[in-house]
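Enquirer: the sequence isn't on hand, but the structure is:
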């Protein structure tokens, strides 16, 4: 959490230094993370193919953007979203069917920082749809084992900003997908091989407020 707040502060300072129109959004909602499958080869269980699953959980996000171009009907922004999933149950489901339900093994924290570009339609209107794309960094941390690993990340998203009757205050609804390589959950590559590459989806859907300045 301290790291998340620090990154938000850095992004805010960087945005405030730009002498153009800018906004900061604070969003919360639910996270939907794709499963990770692979092949685990150990003497006791040769060709044992587990699937790692995570529960739906709360996420927090701060997104800072500064306007680069305003063509009235459309505007272009540079944007830095910082998203954090505080703690999600991590479970393993053996593909052999030896066990019925997934077996809880740990909790995982996820952090995403993906600067990029945002295009907003009708930025001066009461309702303004937007889309964004960016790339950067993801960090996955296991709580009990204290293991962590970093991955490259791509981010795709979109949403709608709504003006309110309060000056400088708006409402945002959005969906973002942070696409990364699959974490290996502490298993060395010599015994665990992940199926596929760069196919781990972290879909975050939520709503919050926007402050414009």
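Expert: Good, I have the coordinates. Treat the numbers as computed from the prediction; the structure is a model and nothing was measured. Residues are numbered from 1 along each chain as shown.

Enquirer: now the strands: where do they sit in this structure?
Expert: 22-33, 36-40, 50-54, 57-70, 74-94, 103-113, 116-121, 127-142, 148-163, 169-180, 192-194, 200-212 (DSSP state E).

Enquirer: report the rounded mean pLDDT for the last one.
Expert: So the one you mean is strand 200-212. If you average the pLDDT over strand 200-212, you get 96.

Enquirer: same question for the fifth one.
Expert: Along strand 74-94, the predicted confidence averages to a pLDDT of 92.

Enquirer: go on, the second one?
Expert: Taken as a whole, strand 36-40 has an average pLDDT of 76.

Enquirer: in that strand, which residues are buried?
Expert: By 16 or more other CB atoms under 10 Å, the buried positions in strand 36-40 come out as 36-38, 40. All C-beta spots, glycine's among them, are computed from the backbone N, C-alpha and C.

Enquirer: least reliable of the strands of the chain by average pLDDT, please.
Expert: When I compare these, strand 192-194 is least confident, with a mean of 72.

Enquirer: now do it: distance to the chain's middle.
Expert: 23 Å (CA atoms, centre = their mean, to the nearest Å).

Enquirer: who does that strand touch, helix- and strand-wise?
Expert: strand 36-40 (3 or more CB pairs under 8 Å, 6 or more residues apart in numbering; DSSP states H and E).

Enquirer: who are the packing partners of the strand it packs on?
Expert: By 3+ CB pairs under 8 Å, 6+ apart, strand 36-40 packs against strand 50-54, strand 192-194.

Enquirer: which of those strands sits closest to residue 163?
Expert: Residue 163 lies closest to strand 50-54 among these, at 35.7 Å (CB to CB).

Enquirer: tell me the angle of that closest one relative to strand 200-212?
Expert: Angle, strand 50-54 to strand 200-212, by axes from the mean of the first three to the mean of the last three CA atoms, to 10 degrees: 20 degrees.

Enquirer: in strand 50-54, what counts as buried?
Expert: Neighbour-count burial for strand 50-54 [16+ other CB under 10 Å]: 50, 52-54.

Enquirer: adding distance to residue 174, write the residues you listed out as TSV.
Expert: Formatted as TSV, those follow (distance: CB to CB, whole Å):
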residue	distance to residue 174
50	33
52	27
53	25
54	21
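
Enquirer: nearest to residue 30 among those?
Expert: residue 54 (12.0 Å).

Enquirer: distance of the closest one from residue 91?
Expert: For residue 54, the distance to residue 91 equals 8 Å [CB to CB, to the nearest Å].

Enquirer: ok, residue 207 next?
Expert: For residue 207 relative to residue 91 (CB to CB), the value is 28 Å.

Enquirer: between those two, tell me which one has more neighbours.
Expert: It is residue 91, of residue 207 and residue 91, that has more neighbours when counted by other CB atoms under 10 Å, with 18 against 15.

Enquirer: tell me what the more buried one is bridged to.
Expert: Residue 91 has the following beta-bridge partners by DSSP bridges: residue 53, residue 104.

Enquirer: test my guess that it contacts residue 108.
Expert: No - between residue 91 and residue 108 there is no contact under CB atoms under 8 Å: 10.3 Å.
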